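Engineer: sequence unknown, structure follows:
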Ligand SMILES: NC(=O)c1ccc[n+]([C@@H]2O[C@H](COP(=O)([O-])OP(=O)(O)OC[C@H]3O[C@@H](n4cnc5c(N)ncnc54)[C@H](OP(=O)(O)O)[C@@H]3O)[C@@H](O)[C@H]2O)c1
């Protein structure tokens, strides 16, 4: 599987990465049992996926621990992307950003210990600061950790265009992580344009996108009667309720018709559409089982195929009014 260079870095990412949020076990309904989680991670590697996206927040460390249990020292053979700068209060409910340099350093050290690594390949600020820490202070701490060899490259998640420009002015940002799918396309506006014209960069910024399946909606497995338990974040996601949900189901069923005609899983087609859009380096797809990851990994072979009816899928995506 051809990996794509992450511009301006020595990293190359397969067009699909494994997202580890749901494997961590919080807010995604019934937790994935340990054996299944480990099998899911191993399946991702078996399918040719060469990178994982995790975070201290995912299961409050459990996702990291599962990665180590699954891969042991083989974790060093793939690209590990993780995050920094979110605290939780221990009760499991509340999380908030903390981008003060001292916390950033402590958070990275804790990730290195949990992941049993000497260096993090790709460290991403999880959320923009909510408490007034100047971004230049945070970036200075990240640059220091890079100089100390503890972080290979750093980036940010969930920043808007002006915020991203501020980050780039403060230091050598290597990646933006942002939401993007057939059902969520705000990235295509000012944010995409800003990744191509950042201060201090001649090449476009690499972009990795999350929720390419819109939290499972684009797999085609839900219908209008779908209900989620209180422990599932989709119970509070208005994309899964009312007229918005019905409109998304219509888009999904139209995509499903195309997928059936091609003989490919609709989930793989949805991820592939995302991974081949302008400006995108790779998509991060979450999975809770070997079967899900094997299905999603098929997107890697699809996204390079110019013979597929992408224009038809563009029209389906364009028909959606969120
Ligand atoms: N930086 C950030 O702030 C941020 C935010 C969100 C996500 N992320 C990252 O991006 C990753 C992906 O996003 P996401 O997990 O939220 O959404 P997603 O990839 O759109 O959806 C993942 C979920 O869809 C279902 N699913 C996946 N593949 C399937 C298949 N082939 N067939 C049927 N169901 C399938 C699974 O849940 P069920 O089986 O329960 O339906 C899975 O947990 C995360 O794991 C995380 O690494 C980052």
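Structural biologist: Looks like it came in fine. Keep in mind that what you see is a predicted model, and the values were worked out from it rather than measured.

Engineer: And the biggest helix by length in the chain, what does it pack against?
Structural biologist: Across the chain, the longest stretch assigned as helix under DSSP state H is helix 242-262. Applying 3 or more CB pairs under 8 Å, 6 or more residues apart in numbering; DSSP states H and E, we find helix 242-262 packed against helix 266-275, helix 310-318. C-beta here means a position set from N, CA and C on the backbone, and glycine is covered the same way.

Engineer: Which residues of the stretch 51-200 of the chain lie near the ligand?
Structural biologist: For the stretch 51-200 of the chain, the residues in contact with the ligand (CB under 6 Å from any ligand atom) are 53, 126, 157, 158, 177.

Engineer: what's the closest of those residues to residue 28?
Structural biologist: Ranked by distance to residue 28 (CB to CB), these are led by residue 53 at 14.9 Å.

Engineer: hey, what's that closest one bridged with?
Structural biologist: residue 19, residue 81 (DSSP bridges).

Engineer: ranges for the helices of this protein?
Structural biologist: Under DSSP H, the chain gives helices at 21-24, 34-46, 62-71, 101-115, 135-147, 161-170, 190-195, 242-262, 266-275, 290-297, 299-302, 310-318.

Engineer: Let's have these in CSV, adding mean neighbour count and mean pLDDT.
Structural biologist: CSV is the format used below for those (neighbours: other CB atoms under 10 Å; pLDDT from 0 to 100):
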stretch, mean neighbour count, mean pLDDT
helix 21-24, 25, 97
helix 34-46, 19, 98
helix 62-71, 21, 98
helix 101-115, 17, 98
helix 135-147, 18, 98
helix 161-170, 18, 97
helix 190-195, 18, 98
helix 242-262, 16, 97
helix 266-275, 27, 98
helix 290-297, 20, 98
helix 299-302, 22, 98
helix 310-318, 14, 98
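
Engineer: picking that back up, out of the helices and strands packed on helix 242-262, which gets nearest to the ligand?
Structural biologist: helix 266-275 (3.9 Å; CB to the nearest ligand atom).

Engineer: what is the orientation angle of that closest one with helix 290-297?
Structural biologist: 40 degrees (axes from the mean of the first three to the mean of the last three CA atoms, to 10 degrees).

Engineer: list the helices and strands helix 266-275 packs on?
Structural biologist: helix 242-262, strand 282-286, helix 290-297, helix 299-302, helix 310-318.

Engineer: ok, back up a step: got the helices and strands packed on helix 242-262 as a markdown table, with distance to the ligand columns?
Structural biologist: Below are the helices and strands packed on helix 242-262 laid out as a markdown table (distance: least, CB to the nearest ligand atom, whole Å):
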| stretch | distance to the ligand |
| --- | --- |
| helix 266-275 | 4 |
| helix 310-318 | 15 |
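
Engineer: closest to residue 72 out of those?
Structural biologist: helix 266-275 (27.8 Å).
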